[in-house]
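Participant: just the structure for this:
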Amino acid sequence: MRLKRVFVDDSAAAKVRAFFPWVYRDQLVEVDDGLEPGELVLVCPRKGRPLGVGYANLRSVISVRILSFDPEVVPDRSFFELKLRSALSLRDGLWSRTNALRLVHAEGDGLPGLVVDYYDGYASVQFNSAGMERLRGLVLDALRGLLPLRGILDRSDERMREKEGLPPSEGPIWGVVPDRIWVREGDLEFLVDLKEGQKTGFYLDQRANREAVASSFDPGTPVLDLFCHTGGFGLSCARRGAKEVVLVDVSRSALEMAGENARRNGLSGVSLVQADAFDFLRGERKRGAAYGTVVLDPPPFAKSRRELEGALRGYRDLVLQSARLLAPGGKMAIFSCSHWVGEEDLLGAIASGLADAEREGLVLLHLRQDQDHPVRVGAPMSYYLKGFLLSLL
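Facilitator: The predicted model follows:
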């Protein structure tokens, strides 16, 4: 198969040689005529041997995404089968802990634009780029050939597809997919809304962090889980013996599912509060509330570099208000799920918030995305979830 070529400038060529999987529009110096959105291409420097094979979309700011740094590779069904087998092998150690995990983490698994989450026999897929959309058939064939699936559901990210010039795409692709399903994580069961839930239905990336937080709190003190979604952190603490857990989220439907999760697992002492987290924290301070552990897992405050400053103000305020509710020795877990917020950025916001609260803090653990969300060296966009577990002095 003869591929069209895109030629990149020297800065892009150097980054691709260091296994960076993207080429931006302003780094292109020449492209072959007749290039269609998402078409497979040979990525070439100004001079010398080709750098790899990818797909191109000149409508997108990210104009080329690399599928292989070997220019001889052909992205056919066997290519995707090999990639999927490699991804599965990385996750071997998780099956004893759960029946829900991320099978493909886009750039982290060398398949930019593709996300595949597995929920006990059902695959929830996202084709978030023009290139992956063109390769959809190969991907689905490889998936069905490799896994004993009962159904496949399209949950592609509408915002990302819009940037690629693609229409929205969602709904059942193959088999019969239920609206909701119970999945297992450790000794807990969680209800997942496959068709309407946030992300693809559950925050799979926080699995190890839920375990870490639930292993660190003082069972004799209340736990506050802010931005709780369906209660993952708080209910994990309740399972470990927390006598009082307060789950707070702005979404009524998420809280209803959190309540179902608590009942399904026989957990008591769980309160559900529909509220804005910032307003709730200020209200709790006014009434003199106190907690032993506070979990802060907000949505991405920074979806682009220009939003970073405002995001850090948000984290600082969350830390300030939460610190005022924690006694000495109390624990605080705080996360950022934005690629644009680095660990140092987050730690700086934490330090600023604690200083404003006149509190000292000790970092007990650095918290990151679980192993089914691998971080690929050379692909910083694959590392997005970072957090800290703190003890306040």
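Participant: who's in contact with stretch 262-279?
Facilitator: Stretch 262-279 is contacted by residues 182, 188-189, 191, 226-227, 231, 234-235, 238-239, 242-252, 255, 258-259, 280, 283, 296, 298, 317-318, 321 when judged by Cβ atoms under 8 Å, 6 or more residues apart in numbering. Quick note: C-beta positions are derived from backbone N, CA and C, even for glycine.
Participant: can you say which of those residues are buried?
Facilitator: Among the contacts of stretch 262-279, those classed as buried by 16 or more other Cβ atoms under 10 Å are 188-189, 191, 226-227, 231, 234-235, 238-239, 242, 244-249, 255, 258-259, 280, 296, 298, 317-318, 321.
Participant: just checking, which of these belong to strands?
Facilitator: Using DSSP state E, the subset of the buried ones among the contacts of stretch 262-279 located in strands is 188, 189, 191, 226, 245, 246, 247, 248, 249, 296.
Participant: what's across from the last one in the sheet?
Facilitator: Following DSSP bridges, residue 296 is listed with bridge partners residue 226, residue 334.
Participant: then the second one?
Facilitator: Judged by DSSP bridges, the bridge partners of residue 189 are residue 184.
Participant: touching, it and residue 261? I think so.
Facilitator: Yes - applying Cβ atoms under 8 Å, one finds residue 189 in contact with residue 261, separated by 7.3 Å.
Participant: widest-spaced pair of the ones in strands among the buried ones among the contacts of stretch 262-279?
Facilitator: Within those, two members stand farthest from each other by Cβ to Cβ: 189 and 296, at 24.9 Å.
Participant: so where do the strands sit in the stretch 1-150 of the chain?
Facilitator: For the stretch 1-150 of the chain, the strands defined by DSSP state E, counting those that start in this stretch cover 4-8, 22-24, 28-31, 39-44, 52-56, 62-68, 100-105, 114-119, 122-127.
Participant: can you redo these as a markdown table with distance to residue 289 and mean pLDDT?
Facilitator: Formatted as a markdown table, the strands of the stretch 1-150 of the chain follow (distance: least, Cβ to Cβ, whole Å; pLDDT from 0 to 100):
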| stretch | distance to residue 289 | mean pLDDT |
| --- | --- | --- |
| strand 4-8 | 56 | 98 |
| strand 22-24 | 46 | 98 |
| strand 28-31 | 56 | 97 |
| strand 39-44 | 56 | 98 |
| strand 52-56 | 53 | 98 |
| strand 62-68 | 46 | 98 |
| strand 100-105 | 34 | 98 |
| strand 114-119 | 36 | 98 |
| strand 122-127 | 38 | 98 |
